[in-house]
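> model the following, please.
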Amino acid sequence: MADVLSEKTLKGLCDKLYDKRKNAAIEIQRVVESIMVKGELDKVEKLAMSLQSDFVQSQNPNSRKGGLIGLAATAIGLGANDVHRVLPLLVPPVLPCLTDGDHRVRYYACEALYNISKVAFSDMLGYFNEIFIGLCELYPESGVADPNAPKDGAAGTRAGADMLDRLLKDIVIDQNCLPNLEQFIQNLRERIHTYNPQMRQFLVSWISVLSSVPGIDLLKYLPNILEGLFKILCDDNFEIRRSCEDVLDVFLTEMTQVNHEELDYEMDYSAMVDILLPFCETSKHNLCRFMSVRWLRTFISLAKEDMLPFAPDIVQAILPCLSMSVDTKLRTLADLTNGDLMVLIAETNLDQEAQEGKEEEENAGRAFNYPQVLKVLTAQLGNDSVATRVATLSWFSMLRSKMPKQTFHHVQKFSPALLKSLSDGADKVVRMDLQVLADLSTCGESAGEDEARQVAGFFDSFVKDLLQLFCRDQELLVYRGSFIIRHLSKYIDAEKLYLALADNLLQEDDLDFANRMVETLNMILLTSPEFVGLREELKQMSSESSHSLFCALYRTWSHNPIATFSLCLLTQVYQHACELLVKLADMEVTVNFLVEVDKLIQLIESPIFTFLRLHLLEPRRHPYLIKALYGILMLLPQSSAFHTLKNRLDCIPTIINSLQDIDNPPKEKNVEARTRINFENLSQHFDEVHALHVEAISRGSRSRRDILNSTPS
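Residues are numbered from 1 along each chain as shown. Below is the predicted model of the structure:
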């Protein structure tokens, strides 16, 4: 090298003072320029190799710094037209110095690459990945950039790295390309899971730049970096989160705007959904959850049927986000996403046979996994959030309508959870649950025979299970029983519902429960607006079906004497009501008995029994009504209920004369229709049921079975 550079220049390169090294570099630049004027490129190559071996690879830090400055000066001396010819001798020696043990050497390496890049410009893209890896090693330990910091300090090293980084980005943007993009993605993938904030900011900045370059398509490689981006989105640093959010927004916008038919590759939604779901489910950062849900919603919109295989996982991830405890924006977005997925499934022509496991093996991955969806929904019914439980029940309703055959095939797996939800403390949940149960218990006119048979079977099973639930949880019966029955009657025909309840209660083993249940059903029947049609039918008693309804209810109502008596008043079978009074007189008058009579008298004074009070204006036509009411009056002690009824009866001055003519009364309304009812048979049944209750009380047992088994044959 002595034949090219003077001894003074060589010593200056090794000097510990920066100014002397700088002057030596200026001399090298001048020498190289003069050599190139003569066209002696081989001398420049020898000079570059000597700078590498004698200086850059030296053990002396000052020599290494001088060598780096010398290589940069050589590039400047070559100029833009010739530097590419010697670039393989200039760049590779500098790269190892980016990770040198001396932070001052690392700074000079950054400075050298910067100066070389300014001259070589686009030719530096051939070394892009190597420089990128070197910068990745620098950023985690380089601290915060400070342009005013000494060049020999750590902050100065960061400033040098930033300077080189900005220039490389300018080159990539200017050239509108990045050779060997696959290798860059691999390097990025290996480093993007870092927790170092400086490194995260650096990587995000590069992704942002590359995504803005028209000639570079990162969408193809998105699955490789998406998980790392979402991890960075959870960073504690606001600036890092905001930068990452901007990058994700750009990707999402690009996905929605690009013409997917023109792409020479398919978007790997499967891989990306698998990445997003854990962030949606378990992330403690609202922004991260919000963004993952937003991406899932976009995928549902873009991929449509291709998202069906992921329906169970998406449902499991989305429904908990509806909780009131989460951010309002997240909750709103989750609700929209949930709705989009439901609409997608409802509007997709799902192959029924495929859902039963008959699909061909090659199509199995694209199937809608109905059993798994049901499993997820059943589990979500236990979620703490009311909104989540309501949304879950909406899914059941939609699936019942969309896939009735599969629903009834699996109904035994989820019906216990639906029944349990009737005990939910939220009225919204119970109302929606009742609607789902009613949907399962009814079918439209277009339903086939198989569906109709399945619906009928479910309804019978549901009524039995409902009564068992009330029997096990009598607090539920007391506080929510009326609410449940009334709302259920909005979706199921009231007569059908009451006949089914009556039929099952007729065989009820727990006699005390049967008594309480009949009392509840009777009060609902007499007072609830939902049952006005059923009350009117029983009042008129003008058809065979109404006779059958009365007889069915009477047999079950026999578990509760006062309920039976009130049923007779409602149906205007006043003569039979009088016959019941004789039986009531023989019964033990308990506190519960008096409470029920008190309620009955209050009902007589209510609008429900307006017709009955008007009948009192026709004492000759309805003498048995008057006798029945007086009979009730005689059973009561002189309480407020007694005086209420007495005051009502005192309004009838001709009562005594009416009772004297009771053997020859005028005909009552609809008497012919009512005479077709076998009251003797009903009365006998009433006596049998009452005898069971008396025996149960005397034996201290509530079980019909125990009493019947102990009765001698």
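> pretty sure A552 sits against L501.
No - look at A552 against L501 with Cβ atoms under 8 Å: they stay out of range, at 10.0 Å. Glycine gets a C-beta too; all of them are placed from N, C-alpha and C.
> who's more crowded, those two?
Neighbour comparison, A552 and L501: the larger count goes to L501, with 21 against 17 (by other Cβ atoms under 10 Å).
> give the other helices and strands that the longest helix along the chain contacts.
Longest helix in the chain, counting residues (DSSP state H): helix 449-472. Judged by 3 or more Cβ pairs under 8 Å, 6 or more residues apart in numbering; DSSP states H and E, the packing partners of helix 449-472 are helix 404-409, helix 411-420, helix 427-441, helix 474-488, helix 494-506, helix 511-527.
> so how far is that helix off the chain centroid?
Here helix 449-472 is found 28 Å from its chain centre; the criterion is Cα atoms, centre = their mean, to the nearest Å.
> how about the CA coordinates for that helix, as CSV?
C-alpha atoms of helix 449-472 as CSV (Å, rounded to 0.1, in the frame of the first residue of the first chain):
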residue,chain,number,x,y,z
GLU,A,449,-93.2,-35.7,8.9
ASP,A,450,-89.8,-36.5,10.4
GLU,A,451,-89.4,-32.9,11.7
ALA,A,452,-92.9,-32.8,13.0
ARG,A,453,-92.3,-36.1,14.9
GLN,A,454,-89.0,-34.8,16.3
VAL,A,455,-90.7,-31.5,17.4
ALA,A,456,-93.5,-33.4,19.1
GLY,A,457,-91.0,-35.6,20.9
PHE,A,458,-88.9,-32.6,22.1
PHE,A,459,-92.0,-30.7,23.3
ASP,A,460,-93.1,-33.7,25.4
SER,A,461,-89.6,-34.1,26.8
PHE,A,462,-89.3,-30.3,27.4
VAL,A,463,-92.6,-30.1,29.4
LYS,A,464,-91.5,-33.0,31.6
ASP,A,465,-88.0,-31.5,32.2
LEU,A,466,-89.6,-28.1,32.9
LEU,A,467,-91.8,-29.6,35.6
GLN,A,468,-88.9,-31.5,37.1
LEU,A,469,-86.9,-28.2,37.2
PHE,A,470,-89.7,-26.5,39.1
CYS,A,471,-89.9,-29.5,41.4
ARG,A,472,-86.2,-29.4,42.2
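> which parts of that helix are buried?
By 16 or more other Cβ atoms under 10 Å, the buried positions in helix 449-472 come out as 451, 454-455, 458-459, 461-463, 465-467, 469-471.
> rewinding a little: and of the helices and strands packed on helix 449-472, who's closest to N286?
Distance to N286, taken as Cβ to Cβ, is lowest for helix 427-441 among the helices and strands packed on helix 449-472, at 24.6 Å.
> who's in contact with that closest one?
With contact meaning Cβ atoms under 8 Å, 6 or more residues apart in numbering, helix 427-441 is reached by 386, 389-390, 393-394, 396-397, 400-401, 407-408, 411, 415, 418-419, 421-422, 424, 455, 458-459, 462, 480, 483-484, 487-488, 490-492.
> any quick ChimeraX command for the buried ones out of those?
Of the contacts of helix 427-441, the buried ones can be selected in ChimeraX as follows, counting by 16+ other Cβ under 10 Å:
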select :386,389,390,393,394,396,397,400,407,408,411,415,418,419,421,422,424,455,458,459,462,480,483,484,487,488,492
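> where in the stretch 551-700 of the chain is pLDDT low?
653-675, 699-700 (pLDDT under 70).
> what average pLDDT does the longest helix of the chain get?
Averaging pLDDT along helix 449-472 yields 92.
> and the residue nearest the centre of the chain, how far is that from L47?
Closest to where the C-alpha atoms of the chain average out (Cα atoms, centre = their mean) is L319, at 0.7 Å. Note on L319: its distance to L47, by Cβ to Cβ, to the nearest Å, is 70 Å.
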